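Chemist: I'd like to go over a predicted model; first the sequence, then the structure.
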Amino acid sequence: MEAIVKKYQQKFRKIKEEMNRWDELQFRLVSQFRNACSVIERLPVIQDSKNFGNLKSVGGIEVAVLRKQMESLQTILLSMKKTLEDFHGIVLYLEKIHRDGRQLVKGGSNQLTVKQLHQRIGVKPRLADCIDGLMLLSDMHNSEYLLKLSLVSALSTLALKPRYVEFLIFKLEHVDKRRNVSFAHRMQSCQMLLILIMHIEFLRLS
């Protein structure tokens, strides 16, 4: 029993390293999203020839500037796609850790009874708590990844209102940093953000 608990502790230490990577990726995604929003908000200005002043006399200036901005936006979006792939890699890793954790107590000669799973050894957590913790971490970060994926996908379709989506990204970052809140509360926050996304999409279509 105690040996199995130690194996779970090792898994949680590995997860902590992945959480540090998650925070780094979150900072990167917020920066990329802000840059993309800045470019999108400049596009209507660039397409209005009145904003070029005396530069209008330079042949092809409007097209050249617009093309440059679109190239910048494409580069940013590709970078965001790579960041999302890195997020997904962490999600898959957490899912594997959860599966392996379940296998520790439910597979082969290690199969334990319900009573053993809820038995506490000194100050160490119960095995049931370890399994539930791995599941919550996996589900929570999968939900956050799907939300990030939805927000980035919505960026191109919500070009006229990028600040709305940026607000959701920053809201999610705020949720990420609230280390003292429960997993259930964080997952509830993600669900609330998804509702906001649907509301924004409704406003766009109306």
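Modeler: Perfect, I can see it now.
Chemist: how about the helices in the chain?
Modeler: Per DSSP state H, the chain has helices spanning 2-46, 61-106, 114-117, 127-157, 162-177, 183-205. These are given in chain order.
Chemist: worst average pLDDT in those?
Modeler: Comparing mean pLDDT across those, the lowest value falls on helix 183-205: a mean of 46.
Chemist: and Gly53, how far from Met70?
Modeler: With distances taken as C-beta to C-beta, to the nearest Å, Gly53 is found 22 Å from Met70. Using the backbone N, CA and C atoms, a C-beta is placed for each residue, glycine as well.
Chemist: whoops, Gln47 was the one
Modeler: For Gln47, the distance to Met70 under the criterion C-beta to C-beta works out to 11 Å.
Chemist: also Lys82?
Modeler: In terms of C-beta to C-beta, Lys82 sits 19 Å off from Met70.
Chemist: how about Asp48?
Modeler: Taken as C-beta to C-beta, the spacing of Asp48 relative to Met70 amounts to 16 Å.
Chemist: more neighbours, these two?
Modeler: Each of Asp48 and Met70 has its neighbours counted (other C-beta atoms under 10 Å); Met70 has more, 13 against 9.
Chemist: now for that one: which residues touch it?
Modeler: If you count contacts by C-beta atoms under 8 Å, 6 or more residues apart in numbering, Met70 has none.
Chemist: likewise for Gly89?
Modeler: Gly89 sits next to no residue when contact means C-beta under 8 Å, 6+ apart.
Chemist: do Ser153 as well
Modeler: Taking C-beta under 8 Å, 6+ apart as the contact definition, Ser153 lies against nothing.
Chemist: quickly note the distance from Leu146 to Ala154.
Modeler: According to C-beta to C-beta, Leu146 stands 12 Å off from Ala154.
Chemist: likewise Tyr145?
Modeler: Note on Tyr145: its distance to Ala154, by C-beta to C-beta, is 15 Å.
Chemist: number of nearby residues for Lys14?
Modeler: By the other C-beta under 10 Å criterion, the neighbourhood of Lys14 contains 12 residues.
Chemist: name the nearest residue to it, sequence neighbours excluded.
Modeler: If the residues on either side of it in the chain are set aside, Lys14 comes closest to Ile97, at 7.0 Å by C-beta to C-beta, 6 or more residues apart in numbering.
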